[in-house]
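> build me a model:
(chains A, B, C and D)
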4 protein chains.
Amino acid sequence: MLKAKQWSVDNIGPTKLMVREAAIVEPTGDNVLVRTQAVSLNYRDKLVMETGMGLPLQFPFVPASDLAGVVEAVGPDVTRFRPGDRVITTFLPGRINGPGLGDARHPPHKTLGGYYPGVLSDYVTFSEDWFVHAPETLDAGEASTLPCAGLTAWFALIELGKLKAGDKVVIQGTGGVALFGLQIAKMHGAEVIITSANPEKLARVRELGADHGIGRANWAERVLQLTEDYGADHIFEMAAGANFGESLKAVAVSGRISVIGVMDGFDLSAPVQSLLLKSPTVQGISVGHRRALEDLVRAVDRTGLKPVIDRRYTFGELPQALHHLDRGPFGKIVIEF
Amino acid sequence: MLKAKQWSVDNIGPTKLMVREAAIVEPTGDNVLVRTQAVSLNYRDKLVMETGMGLPLQFPFVPASDLAGVVEAVGPDVTRFRPGDRVITTFLPGRINGPGLGDARHPPHKTLGGYYPGVLSDYVTFSEDWFVHAPETLDAGEASTLPCAGLTAWFALIELGKLKAGDKVVIQGTGGVALFGLQIAKMHGAEVIITSANPEKLARVRELGADHGIGRANWAERVLQLTEDYGADHIFEMAAGANFGESLKAVAVSGRISVIGVMDGFDLSAPVQSLLLKSPTVQGISVGHRRALEDLVRAVDRTGLKPVIDRRYTFGELPQALHHLDRGPFGKIVIEF
Amino acid sequence: MLKAKQWSVDNIGPTKLMVREAAIVEPTGDNVLVRTQAVSLNYRDKLVMETGMGLPLQFPFVPASDLAGVVEAVGPDVTRFRPGDRVITTFLPGRINGPGLGDARHPPHKTLGGYYPGVLSDYVTFSEDWFVHAPETLDAGEASTLPCAGLTAWFALIELGKLKAGDKVVIQGTGGVALFGLQIAKMHGAEVIITSANPEKLARVRELGADHGIGRANWAERVLQLTEDYGADHIFEMAAGANFGESLKAVAVSGRISVIGVMDGFDLSAPVQSLLLKSPTVQGISVGHRRALEDLVRAVDRTGLKPVIDRRYTFGELPQALHHLDRGPFGKIVIEF
Amino acid sequence: MLKAKQWSVDNIGPTKLMVREAAIVEPTGDNVLVRTQAVSLNYRDKLVMETGMGLPLQFPFVPASDLAGVVEAVGPDVTRFRPGDRVITTFLPGRINGPGLGDARHPPHKTLGGYYPGVLSDYVTFSEDWFVHAPETLDAGEASTLPCAGLTAWFALIELGKLKAGDKVVIQGTGGVALFGLQIAKMHGAEVIITSANPEKLARVRELGADHGIGRANWAERVLQLTEDYGADHIFEMAAGANFGESLKAVAVSGRISVIGVMDGFDLSAPVQSLLLKSPTVQGISVGHRRALEDLVRAVDRTGLKPVIDRRYTFGELPQALHHLDRGPFGKIVIEF
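Predicted coordinates:
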């Protein structure tokens, strides 16, 4: 009987990843069996393995959430897929449309490679609800970057932000979400300013279409200068901590700040005055829903967007890939099966 | 020649208010001359007199922003008003619709009784753009409470918040904005929870229609209990400081927090996790625009809402009225002329 | 073995309804078995039986879509309900949130008592996805009126229309959707004008809270007079045909016309000028999604809305109930089991 | 004293245009004096001259609404412009933001070259409120095409339509609004289908970026085929009459139909079924407001959009230019001064 190879850990802590074999689950009901072609890594995958993030993990735990693969077999109730279809996963299974699943006391947290098992396995068997069709114009490695990083940027700028041509967007950093933000903003005719402490990376984002690349120190003042005091219609807040005060300084009147990352800390703090006077919308972004991922796939196929992959690793090179994550990649890190 | 009596100060600092006489300005162009009937006070009026709030005040400075009166005469270009019309002021002159007037470096700050002269004068002459028609169902004292406190609550809940029947609203405190929030929320069929440290005030808000009154300590936990963990669709954040963390704890998934007041401090701080996972909209509220004030006037006339006035003072009793403000009134304080 | 009694027809045409017995289907997977307590009738139920409406009906066909009942048993995968829960059906099974299910060539049309079997049966077994919890404050007969008539009015006014206090609403007629529209509009503080050719019915809608009742002839001119030329922010277009021209005449600048009914014909026709100059939103309403039905249930429980039932019939009186439908009831017709 | 040359008519009817001289009005108050550089023509300009369109024209009447020019002098109250600034007019003077100016009985109709005087004059003096800054990247002829044709397309697709990458847009014809629609849709990453009876024009729109060009006969069926039955997210309805039925057939579930033109008649007629089942938004478009025109100018400068001008005529060639309008230009016709 065929077995699936998968990376897994036996407990939380300094990562001791092992490759195991596990039985392949034949699809029943509305499940589909998918053969993995590529998995994209997120820094969060490391946090889950090392800290558990308070999640009720089951061991051996298979990490990672973002998969591209091919449908091998389908259960009798499946209506959306057929064998041979190329698919990608959804980060938050079951969030089809509308708000996240949860309540005020138990915020939405049920993700693949977190509450649910992960996808670093050469076969997975999940409900068809957990997948969408992959873009036709991307290879598997590229497609695997959409479910988390791609959708986060799309959800912030387009689904919630209603971005339009001519809008001014500030994106902090050059990681996966940041570069998707750049590409999606340019796809809609916006003006994009990227912040980074690394001049070489700023040169590369200009090649990708960024209108301006600026340093991280006192970046808000530089944004005011570049926009002749207008400010930014949309800001990706990737750092939290005191950096949020810079975002409030740079945001335009009635602009939008999408809080996405926590590079500088797990707290926000800022003087409240700009929040009151400029009346921006501040919104935490927790990836997004399946319908928006389908919108993104459609946009990718229409516009020819190619996700930026810093480096592709083989299945066996997962440890090296995770080290690369620590160094702050330019775009995404992908494991190919 | 007729003179206007007005309260004014000669400099910033411990308030030395004096009544002076000033020439009445005949209306030219699109100006209208209005005879004041009532002025509603806001705590901000004290802050402006005592600290200047960084505004370029001209002395003698007349304080206060919220006026109800009667049009006495109109300039030749006036089209919206006739002598005899009952009017109220707009807090942010010139903000007809859409975003506030200003930019990222110079946030919207041009208010009556701040950047512009105030209204504690028995006659004022302003552009017709700065007024709207008063509600037919309110007396002048009641009408004078709408431009700042009334519009702030309406703008947060209705213009931006799209409140609907059955929504759960948490309002902190029992000041002017808070009680308008309660009345406007009930007008739309919402469920309202009021927080206050004062049991007597909680009893009074229940008489005004509040569904629940709770204490201020650990109020978020109490909201979760009252809503069976659902949380609050809409929260009026009146305190800032660490209280913002309570608001993030209490807010429903995809709910809304309107940041309005700064009772506990001029900074916000909070763990970012709830902001990310529950994805609420956090929005500073800076009163609102003239079109929304017209909507509020229409709603008041339709529904019979009566603003809550803690006490009415005469023109000469301004000092006592300001002391009352310090004690935290239940609703609004009004000066009648 | 227990059998379900159900009304059904063997073919399309002049209705020959018969009561049959059918096996009760034990719930498996995510299905729930529900014992019917009440079914609300819609005029559409007659059209389906008499014309088929182009739907692929399976015979014997059980009509009707709107049920209130009690969960008797649940399948092993059910998570949202337990035995004893009071529930109501959703009109469009599977439309959880967002747009209707279908595409431009095959518009959304899969309803209970249409594409799917109906509910005039003393037991039904459906996926848990097809139900929501019934309001606690309504009896079964009242609750059964929400899935189609109640949700249609709510979806038009609140989910899509963002109605607010002071808005002016015109509702044509006094059928089930119309009276829900009246009650929901008043629940949000709006001003409501009802049109009817029947003076007695106009008297009754005034008792229900309508601000104005007017005749059907030249109703648009009357609306302009009542609103001092402002027009209506929201109109329920219940007639189609040439009446749509009256709606365009009466609608306010940037107002909204919800096209719901076809009393005067299955075509729309109108001069395009008002559509261009006043720029209203015209939107066909096809009931709504499950999340909005849950919102409506919550609003009903909060505000105490009681649906208007013209008359309640017993299970055996279905033929008389259908005749009553032909006569144009005031509100809803309900069958109690 | 310097005089302005201007084209004008003395009465409504078969056009007898004459060039006259008129006094140049020195700017007072908030007025600005602008030297005209280019005027863009709309078919509406012919209709106004020939039929009056029910407007209270004052004779001699100067036609046309869309001007690009240079500020020569400003009144003492002007704050937004200085001499030397390049400007364009707004089509609906005084509509700064929000809904059109008017009410249900008197729909918004006060336009330049209609209710107000027109701009076929080498100097005009208007309130500064009636102008916006011209794009820096366009010459005067190009800039003059934005106020009516450009803004109409932008308002429909972006301000109201919230277009996003991957959306499917159908645009009927190849006139001025249509080609702006094409360019603005492509600027946001959409897929665009153009309908035209003229194969040569279809070839030209493909060069401009259209994804598909199709004939006018049975175009809705062709759209369904091209979109694999999905339909169109957004349709520009340029013909009215029975063509509206084709638009309803082609529109996607929950899509949008912007009613803009009346090539086939001044009535709309259609079966109501698709409107009910697919629940599209149908909205008449009456150009738009000044804030959206400023957004368009910003987008033009950011993306480098160049308006499509079929031919430029000199001031003296107005009669030939109007004849060209009758033949159905490909894009815009411009008069250069």
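
> where does the prediction get shaky in the stretch 201-337 of chain A?
Residue ranges of the stretch 201-337 of chain A with pLDDT under 70: none are present.

> tell me which parts of it are close to chain D?
Proximity of the stretch 201-337 of chain A to chain D, by CB under 8 Å from any CB of the partner chain, involves residues A:Asp295, A:Leu296, A:Arg298, A:Ala299, A:Val300, A:Asp301, A:Arg302, A:Thr303. Heads up, the C-betas are built off the backbone N, CA and C, glycines and all.

> could you find the closest non-adjacent residue to A:Asp326?
A:Lys46 (7.6 Å; CB to CB, 6 or more residues apart in numbering or on different chains).

> looking at this, the one you found is in a helix?
Yes: counting by DSSP: H, G, I helix; E, B strand; the rest coil, A:Lys46 is part of a helix.

> compute the distance between it and chain D, please.
32 Å (CB to the nearest CB, to the nearest Å).

> that residue contacts A:Leu322, doesn't it?
Yes: the criterion here is CB atoms under 8 Å, and A:Lys46 meets it with A:Leu322 at 6.1 Å.

> looking at the two, which one has more neighbours?
Neighbours were counted for A:Lys46 and for A:Leu322 using other CB atoms under 10 Å in any protein chain shown; A:Leu322 has more, 20 against 16.

> SS state for the more buried one?
A:Leu322 is classified as helix under three-state DSSP.

> how about stretch A:69-77, does it get close to chain C?
No: shown here: stretch A:69-77 not in contact with chain C (CB under 8 Å from any CB), separated by at least 8.5 Å.

> for that stretch, list every residue counted as buried.
Neighbour counts using 16 or more other CB atoms under 10 Å in any protein chain shown place A:Gly69, A:Val70, A:Val71, A:Glu72, A:Val74, A:Gly75 of stretch A:69-77 among the buried residues.

> save those as JSON lines, and put in secondary structure and distance to D:Pro27 too.
Listed next are the buried residues of stretch A:69-77 as JSON lines, based on DSSP: H, G, I helix; E, B strand; the rest coil; distance: CB to CB, whole Å:
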{"residue": "A:Gly69", "secondary structure": "strand", "distance to D:Pro27": "69"}
{"residue": "A:Val70", "secondary structure": "strand", "distance to D:Pro27": "70"}
{"residue": "A:Val71", "secondary structure": "strand", "distance to D:Pro27": "71"}
{"residue": "A:Glu72", "secondary structure": "strand", "distance to D:Pro27": "76"}
{"residue": "A:Val74", "secondary structure": "strand", "distance to D:Pro27": "74"}
{"residue": "A:Gly75", "secondary structure": "coil", "distance to D:Pro27": "76"}
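
> just these now: which is nearest chain D?
Taking CB to the nearest CB as the measure, chain D sits nearest to A:Val71 out of the buried residues of stretch A:69-77, at 19.5 Å.

> hmm, A:Thr36 and that closest one touching each other?
No: applying CB under 8 Å as the test, A:Val71 and A:Thr36 come out as separate, 11.4 Å apart.

> for burial, what's the neighbour tally of the residue in the stretch 201-337 of chain A that chain C sits nearest to?
For the stretch 201-337 of chain A, the residue closest to chain C is A:Arg291, as judged by CB to the nearest CB, at 6.0 Å. Counted with other CB under 10 Å, the neighbours of A:Arg291 add up to 17.

> which other helices and strands contact the longest helix along chain A?
In chain A, ranked by residue count with DSSP state H as the criterion, the top helix is helix A:290-303. Packed against helix A:290-303 by the contact rule (3 or more CB pairs under 8 Å, 6 or more residues apart in numbering or on different chains; DSSP states H and E) you find strand A:131-133, helix A:151-154, helix A:176-187.

> partners of the helix or strand just after it, with directions?
Scanning forward in sequence from helix A:290-303 by DSSP states H and E, the next helix or strand is strand A:309-314. Sheet pairing here is set by DSSP bridges, and for strand A:309-314 it gives strand A:332-336 (parallel).

> now the strand it pairs with against helix A:176-187, angle please.
110 degrees (axes from the mean of the first three to the mean of the last three CA atoms, to 10 degrees).
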